[in-house]
Structure formats: structure tokens, C-alpha cells
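> Coordinates for the following, if possible.
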Amino acid sequence: MLTVTSFVGMEDFVTPEIFNWASNNPKIIDASSIAIRLMNDVTSHKVSFFSNFSKKNMRFQKKKHVVN
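Okay, here's the model as predicted:
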């Protein structure tokens with residue numbers, strides 16, 4: 001649906017034919033939406049993994065060097 005709404009601002013480029021085609025959820029739009037969602041999930045997972053890793057590492061270093 002985001003694809004269709006992004007066409008609204010492209011007045012000169014998008015014809016009613018293109019708008020109707022995209023509104024019917026063709027397989028290529030569904031497939032690209034799934035691929036983009038997966039890429040976003042993988043990136044989010046990597047960011048949270050390394051963020052947690054850094055926090056644990058800092059706690060370990062504080063304990064090791066007796067820093068309050």
C-alpha cells in the first residue's frame with residue numbers, strides 16, 4: 001500500500017493505468033515488500049546485538065578494573 005501512496009505525489013509521471021495496476025497488489029510489489037522487511041529486520045537485529053554486546057563488555061571491564 002505504501003507504493004500506491006507514494007505515487008500520489010508524482011502527478012505527471014503516474015497514469016491511472018499504473019495506479020490501478022499497483023493497487024491490485026501484483027506479486028512483484030509483494031515480493032519486494034517482503035525482501036525490504038527482511039533486510040530491515042536483519043539490520044535492526046545487528047544493531048541491537050552489538051548494542052547489548054557493548055553494554056555487557058563495559059560492565060565486564062568495570063568489574064575487571066574495579067571502576068565505580
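> If you count contacts, what does the one helix or strand Q61 maps to end up packed against?
When secondary structure is defined using DSSP states H and E, the element that contains Q61 is helix 27-65. Under the contact definition 3 or more CB pairs under 8 Å, 6 or more residues apart in numbering; DSSP states H and E, helix 27-65 sits against helix 2-7. In short, each C-beta sits where N, CA and C put it, glycine included.
> Check which element follows the helix it packs on along the chain.
Next along the chain from helix 2-7, counting by DSSP H and E, comes helix 16-23.
> what pLDDT, on average, does that next one get?
Averaged across helix 16-23, the pLDDT comes to 80.
> same question, stretch 60-68
With pLDDT averaged residue by residue, stretch 60-68 scores 74.
> in it, what counts as buried?
Using 16 or more other CB atoms under 10 Å as the test for burial, stretch 60-68 gives no buried residues.
> Check stretch 15-29 too.
Of all the residues in stretch 15-29, those buried under the rule 16+ other CB under 10 Å are 22, 29.
> Same check on stretch 28-39?
When neighbours are counted by 16+ other CB under 10 Å, the buried residues of stretch 28-39 are found to be I29.
> how close does E17 sit to N24?
Distance from E17 to N24, counting by CB to CB, to the nearest Å: 11 Å.
> cool, and S32?
Noted for S32: a distance of 15 Å to N24, by CB to CB.
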